[in-house]
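S.K.: Sequence plus the predicted model coming up.
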Amino acid sequence: MGTIARFGVFELDLQTGELRKQGVKLRLQGKPFQLLQALLERPGEVVTREELQRRLWPAGVFVETESGLNTAANRLRFTLGDSSENPRYIETLARAGYRLIAPVEIVASDTQSASPTPQDHQKVRRTALLLALALAVLVATVATTMAFRQPRAGGFQFRQVTFRHGQVSGARFAPDGHTILYTAAWDNGMRQLFLTNPYSPESRDLGINDVRLVAVSRSGELALMSSDGNSPIGGGTLSRVAMNGGAPVTVGRNVMSADWSSDGRLAVVRAGDGVNQLEFPAGHLLHKTSGWISSIRVAPHGDRIAFIEHPVRHDNRGTVRFIEAGRAVRSLTAEWVEAGGIAWLPNAKEVWFTASRDGEPKSLWAVTLSGDLRSISQIAGTMTLRDITADGRALITRDTERLEMTALEGESKVENLSWLDWSRVADVSTDGRLVLFDESGVASGAHYLIYLHDRDAHTTSRLAEGRAMALSPDGRAALTLDAVRRSQFHLISLANAAAGSVVDLPATGLEYQWARYFPDGKRLLVLGSESDRPLRLYVQPIGGKPYAITPPVAVRNVAISPDGGRVAVLSGQGKLAIYSTAEGDGEPRIVTTSETLAPLVWSTSDSLYVQHIGGYTQIPTRVSRLQLTDGRLQPVRELRPADTLGVNAITKVMMSEDTRTMVFNYRRVLSELFVVEPTNR
C-alpha cells in the first residue's frame, strides 16, 4: 500500500516522490520536493525557516541556507503555478516560515495489481466521461483559436531582426504588418529611429534622433517621446510625425506613455502633481494613481485600454489592469515582481504581456478579460513584448539588464560595488564607509533583498528582505520597508543584524515610497500618500504622527539643511525648490538656475552639492557646488562608468554628508529584436 497526499489539483505519492497535476506527472526533485513534503506533514501550520533549514541541510553541510530556502520555495511555487503575493497553496510569513494553506487529503493507494471492484469500474466510467468532455472542450478551443488566428503556447519561430550592440527602447509594426519601426541606441550612440523588416539584416536610419518610439497609428503616424533625466518623475514631451517624413510636432508635455486608438485618437499617461493619470482621449481623465503607469495599449476595437500599474516610483513591480468607457478600472492579474510590455490580441478578448512572477526572467503570458491566466513562451533571457500584428505575429526584445553600482572617493579611488544583478544604492553613511543597498532583480527572486557593504572591511552582509530606505546618522541602524506592504517602516540594529534585531515602527496611515533621516536622527523625511490620494512630502517623527510640508508633488532628489529646517527638492517640473520643514509654513522658494539641478547634499547653510540633469542618456553626469546666495556653480566632478557599453542612464547619485564619497547607479541594457511567428498558422 502507498500513501498519496492530495491538495487542490495536485497529488503527491509520498513513497515514490511522484507529483502529479490532474494525472500529469510533474518534475519536482531535490530541495523543492523536500520542502513540499515538510509542509504536507503539517498542513495549516507554520513550519519555521529554522525547521526547514535543519531538514533540508543536515548539520555539517555548508550552504547559504537563507538564499537556498528562498530558491527552493520559488521553484516549488513555479511548479505549482502559485504566487507569493496571492497564494493558493504556499503562504509566506515574513521572517517566520511557510504554511500550506490548501486543504490536504491523505489517502491510501494500492500500488500492486488487484482485482477491480465495482467502485473501480465506477471511477473508470467517470474518468472516461471526463476525458470525453475534455476532448470536446479541446476541439472547441482549437476551432476558436483557428478562427481568431491565435497562436498556441509552445509553437513559435524566433526570427532575429537586429544584430548590433546596444538597447532597443521602442518597437512597433508599421500598418502593413511587415515593416518594423524601432528606436535604439547602438554602440554608445544616441537614440535613433530605424526602419527594417524581418527578412533584411540591414536597418535604415530615418534621421529622427534622441526620441523613443511609443506608438504607430493605422494611418502611419508615429508617436514619439523625448525625455530628459527628470522624465521618470515629470514625464517627457510627446510629438507626432508622419511615417513617410516631415518634422515632429509637439502634442503634449509631462507624458509617461501613449498609444493610438483605431480611429486615430491618442491615449496618454500624464505625470501630474503627485500622481500619474490615464487620459483618453488626451485631456479626458479616466484613472489616476500615486504610483506610475506604463505600457498603455488601446484595444483594436472599441475603447478598452490595457496598462500596467506600478505602486512604487522607479520600481517595475506591477499589476495588469484594464478600463473601458463608463466602467471602473479592473485588475486582470495579481501583482508581478516585474512587469513591462503589453499588447492586445486581434480579437481584443485577451491581453498578452511580459512579466516575472517569482523573480525569474520576464516571460510571455496571456490573460483573458475574466482573469484566466496562461503561460505563452519563455526564452533564455528577459523578454519584453513590443507589439502584435493582426495575424498573430509578435515583436519582442530579448534584453540583458543590469543595474550596477560604483563608489568614488577623492580623485582616484574607484570601487565597483555591484553585488547581484540589480544593485540599487539607498544610502551612504555620514563618513562614506557604509553603503546600504538592495537587490530586486532576477537573482533575488520574489523577495527584494537588503544588503550593507563595509568599504573598510570589504564585506557585504545581507540584512533582511524588503527595500532599503536609509541609514541612521549614527550608523547604528538601517531603515527598511516591505516591498509589498508599504505602510510600516522597520528598523534593523546593525550591531545585532545577524540575530534579527528588528523594531517595527507604528503604522501611520501612509503608503510610503521612500524615506531619509533628518540630521538629528529623530525625524524622517518621507514621500508617501494617504489611501487614494496624491504623493506629498511629510515630516515624520520616529514613532510619531507625520505632517505634510508640500502640496501634492512627486520628487526625484532631496537634500536636508544641516539644521533640519529646510528641504531642497527637484520637482516633477524640473524646478529646484526649497520647503520649510515646519508644519504649515507656506510656499516654497524656487531657486532660479540656468540648468536642471538635482540636490545631493546640503553641506553648509548656503551651499548645495547638485547633479546636473541633462539628456536621458547623458554620460558622464556632472556634480557641482551651488551657492544659494548668488546661484554660482563650482564644478566638482564628472561621473561615468569604466565601461559604458549598453549604459543608457546614470540613474542615481548618493553623496556622503562629509562630501568625500559618491556612490552612483547606472543601468546597462543590451537588446536583440525578434519577430515571433506561430508555427501552427
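M.R.: Right, received. Where do you want to start? Residues are numbered from 1 along each chain as shown.
S.K.: ok, M256 - how many residues close by?
M.R.: For M256, the neighbour count with other Cβ atoms under 10 Å is 25. Heads up, the C-betas are built off the backbone N, CA and C, glycines and all.
S.K.: can you tell me which helix or strand it belongs to?
M.R.: Assigned by DSSP states H and E, M256 falls within strand 249-260.
S.K.: which residues are contacting that strand?
M.R.: By Cβ atoms under 8 Å, 6 or more residues apart in numbering, the residues outside strand 249-260 that reach it are 214-218, 221, 223, 225, 231, 234-241, 266-272, 276, 282, 292-298, 305, 307, 572.
S.K.: and what of stretch 188-206?
M.R.: 159, 161-163, 166, 169, 174, 178-186, 207-213, 222, 224, 617, 644-645, 647, 675.
S.K.: Spatially central residue in the protein, please.
M.R.: What sits nearest the mean C-alpha location of the chain, by Cα atoms, centre = their mean, is N316, with 1.7 Å.
S.K.: before we move on, the earlier item: quick one: average confidence on the strand holding M256?
M.R.: Mean pLDDT, strand 249-260: 95.
S.K.: Beyond that strand, next helix or strand please.
M.R.: Heading C-terminal from strand 249-260, the first helix or strand you meet, by DSSP H and E, is strand 266-271.
S.K.: helices and strands around that next one, which ones?
M.R.: Here strand 266-271 touches strand 236-242, strand 249-260, strand 276-279, strand 292-298, going by 3 or more Cβ pairs under 8 Å, 6 or more residues apart in numbering; DSSP states H and E.
S.K.: Could you identify which of these is most buried?
M.R.: Stretch with highest mean neighbour count among the helices and strands packed on strand 266-271: strand 292-298 (a mean of 24; mean count of other Cβ atoms under 10 Å).
S.K.: what does the average pLDDT come to for it?
M.R.: Averaging pLDDT along strand 292-298 gives 96.
S.K.: helix or strand right after it?
M.R.: Next helix or strand after strand 292-298 toward the C-terminus (DSSP H and E): strand 305-310.
S.K.: moving C-terminal of that following strand, what's the next helix or strand?
M.R.: Downstream of strand 305-310, the first helix or strand assigned by DSSP H and E is strand 319-323.
S.K.: now that following strand: mean pLDDT?
M.R.: Summarised as a single mean, pLDDT over strand 319-323 is 96.
S.K.: show me where the protein has helices.
M.R.: Under the criterion DSSP state H, the chain contains helices at 30-41, 49-56, 65-80, 118-147, 231-234.
S.K.: what sits against S529?
M.R.: Under the criterion of Cβ under 8 Å, 6+ apart, the contact list for S529 reads G274, S290, L510, E511, Q513, L535, R536.
S.K.: Just the buried residues from the residues you listed, in ChimeraX please.
M.R.: Per 16 or more other Cβ atoms under 10 Å, the buried members of the contacts of S529 correspond to this ChimeraX selection:
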select :274,290,510,511,513,535,536
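S.K.: can you list the contacts of S529 in CSV and add distance to Y666?
M.R.: CSV is the format used below for the contacts of S529 (distance: Cβ to Cβ, whole Å):
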residue, distance to Y666
G274, 28
S290, 27
L510, 31
E511, 29
Q513, 22
L535, 26
R536, 30
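S.K.: Which pLDDT does the model give Q627?
M.R.: Reported pLDDT for Q627: 94.
S.K.: List the beta-bridge partners for the closest residue in space to it that isn't next to it in sequence.
M.R.: Spatial nearest neighbour of Q627, excluding adjacent residues (Cβ to Cβ, 6 or more residues apart in numbering): S607 at 5.5 Å. Applying DSSP bridges to S607 gives these bridge partners: T604, Q627.
S.K.: Neighbours of S607, how many?
M.R.: So S607, with other Cβ under 10 Å, has 16 neighbours.
S.K.: roughly how far apart are it and P551?
M.R.: Applying Cβ to Cβ, to the nearest Å, the value for S607 to P551 is 27 Å.
S.K.: Show me which residues of stretch 308-326 are buried.
M.R.: Those buried within stretch 308-326 under the rule 16+ other Cβ under 10 Å are 308-313, 315-324.
S.K.: what's the average pLDDT for stretch 354-368?
M.R.: Taken as a whole, stretch 354-368 has a mean pLDDT of 89.
S.K.: pretty sure T592 is touching G631, no?
M.R.: Yes: using Cβ atoms under 8 Å, T592 is in contact with G631, at 6.7 Å.
S.K.: between the two, which one's more packed in?
M.R.: Neighbour count, other Cβ under 10 Å: between T592 and G631, G631 has more, with 11 against 7.
S.K.: what sits against the closest residue to that one other than its chain neighbours?
M.R.: Distances taken as Cβ to Cβ, 6+ apart place T593 nearest to G631, at 6.2 Å, with adjacent residues excluded. Taking Cβ under 8 Å, 6+ apart, we find T593 in contact with L576, L626, G631.
S.K.: quick one: the nearest residue to D303 once chain neighbours are set aside from V255, how far?
M.R.: Nearest non-adjacent residue to D303, counting by Cβ to Cβ, 6+ apart: A325, 4.5 Å away. According to Cβ to Cβ, A325 and V255 sit 21 Å apart.
S.K.: what's the answer for I106, then?
M.R.: Computed as Cβ to Cβ, the I106 to V255 distance reads 58 Å.
S.K.: Next: M225.
M.R.: Applying Cβ to Cβ to M225 and V255 gives a distance of 7 Å.
S.K.: Contacts only, for the nearest residue to Q157 once chain neighbours are set aside.
M.R.: Counting by Cβ to Cβ, 6+ apart, Q157 lies nearest to E677, which is 4.7 Å off, once chain neighbours are set aside. Contact analysis of E677 by Cβ under 8 Å, 6+ apart lists F156, Q157, R159, R393.
S.K.: Generate the PyMOL command that creates a selection of the buried members of those residues.
M.R.: Only the buried entries of the contacts of E677 go into this PyMOL selection, using 16+ other Cβ under 10 Å:
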select buried, resi 156+393
